[in-house]
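Trainee: After the sequence you'll find the predicted model.
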Amino acid sequence: MRILVLGQGKTGKLVAEVAAERGHGVHVLDELENQGAGALTPPFVAGFDVVIDFTTPEAVVQNMRACLATGAKMVVGTTGWYGSLSDMRGLAERKQAGLLYGTNFSIGVQVMLRLAEQMGATLASAGYKFSEVETHHLSKKDKPSGTAISVAEMVERGAGMKLDLPIESLREGDAKGTHVLEATSDADRIVLTHEAFSRRGFAEGAVRAAEWLAGQTGCYDFRDVWTKVLAG
């Protein structure tokens, strides 16, 4: 496949490397080359099978509008834009494009989300109180992280109720990402932790998502389709 990677941050660069390792042709655009999505003309976008976006909350919506309007297939790992999700889903559906978004493309995090849902289903009604702490690098702009919000949402999905789960956000050095979910009662405490040692797990998941999305149309949340992505 020909893959266009938007963003040359730490994750974007690694996505490009992983895509090349998996035999794909790769072209990378940084934000300076694509201000206001100006580089994403229909003829340019048509030269790629899938677009992968790891840019910023400020840039990603313009990128999606430009790409999805052409009927392109697009994987979005950028977070902080979900207030525009309904509009982007509608655009993808109208143009018969493909949009796959996710707060985290790590398979380990997807397992954590399922376990968080199970904890909510079994512990909330037993009186446990939930809290969460997430730690990321100093340059991460959104707070709390998209992954932390997803963990809280899965706990509430399992519990079947709104819990107003408190999230503490820490920004330290070049931290790759750690998420800690606690459930505490008067009798005990259960702790669920995911710690990323590198960004490679995110990058590999995003590239595999692109390989899967190449044959799809519509709008997908990675946490709902990640097992299909793994199955190829």
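Mentor: That came through fine. The shown structure was predicted, so the numbers you read here are calculated from the model rather than taken from an experiment. Numbers count the residues shown, from 1 in each chain.
Trainee: Which strands and helices lie in contact with the lengthiest helix in the chain?
Mentor: In the chain, with assignment by DSSP state H, the single longest helix is helix 107-123. Helix 107-123 sits against strand 129-136, helix 146-159, strand 178-184, strand 189-195, helix 200-213, helix 222-231, with contacts defined as 3 or more Cβ pairs under 8 Å, 6 or more residues apart in numbering; DSSP states H and E. The way it works is simple: take the backbone N, C-alpha and C, and place the C-beta from them, glycine included.
Trainee: Pull the distance from that helix to the chain's centre.
Mentor: Relative to its chain's centre, helix 107-123 lies at 16 Å (Cα atoms, centre = their mean, to the nearest Å).
Trainee: again with stretch 221-229
Mentor: Relative to its chain's centre, stretch 221-229 lies at 11 Å (Cα atoms, centre = their mean).
Trainee: How about stretch 5-22?
Mentor: 15 Å.
Trainee: Need the residues that contact it.
Mentor: The contact list for stretch 5-22 (Cβ atoms under 8 Å, 6 or more residues apart in numbering) reads 3, 26-31, 34, 51-56, 59, 63, 77-78, 199-200, 202-204, 206-207, 210-211.
Trainee: Filter the residues you listed down to the buried ones.
Mentor: Buried members of these, scored by 16 or more other Cβ atoms under 10 Å, are 3, 26, 28-29, 31, 34, 51-56, 59, 63, 77-78, 199-200, 202-204, 206-207, 210-211.
Trainee: Would you indicate which residues of the longest helix of the chain are buried?
Mentor: Buried-residue list, helix 107-123, by 16+ other Cβ under 10 Å: 107, 109-110, 112-113, 115-117, 119-120, 123.
Trainee: Grab the nearest non-local neighbour of residue 190.
Mentor: Closest residue to residue 190 apart from its sequence neighbours, by Cβ to Cβ, 6 or more residues apart in numbering: residue 183 at 4.6 Å.
Trainee: Verify the stated contact: residue 100 with residue 220.
Mentor: Yes: using Cβ atoms under 8 Å, residue 100 is in contact with residue 220, at 4.5 Å.
Trainee: rewinding a little: same list, the buried residues of helix 107-123, but as JSON lines with pLDDT please.
Mentor: Shown next, in JSON lines, are those (pLDDT from 0 to 100):
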{"residue": "107", "pLDDT": "93"}
{"residue": "109", "pLDDT": "95"}
{"residue": "110", "pLDDT": "95"}
{"residue": "112", "pLDDT": "97"}
{"residue": "113", "pLDDT": "96"}
{"residue": "115", "pLDDT": "98"}
{"residue": "116", "pLDDT": "98"}
{"residue": "117", "pLDDT": "97"}
{"residue": "119", "pLDDT": "98"}
{"residue": "120", "pLDDT": "98"}
{"residue": "123", "pLDDT": "98"}
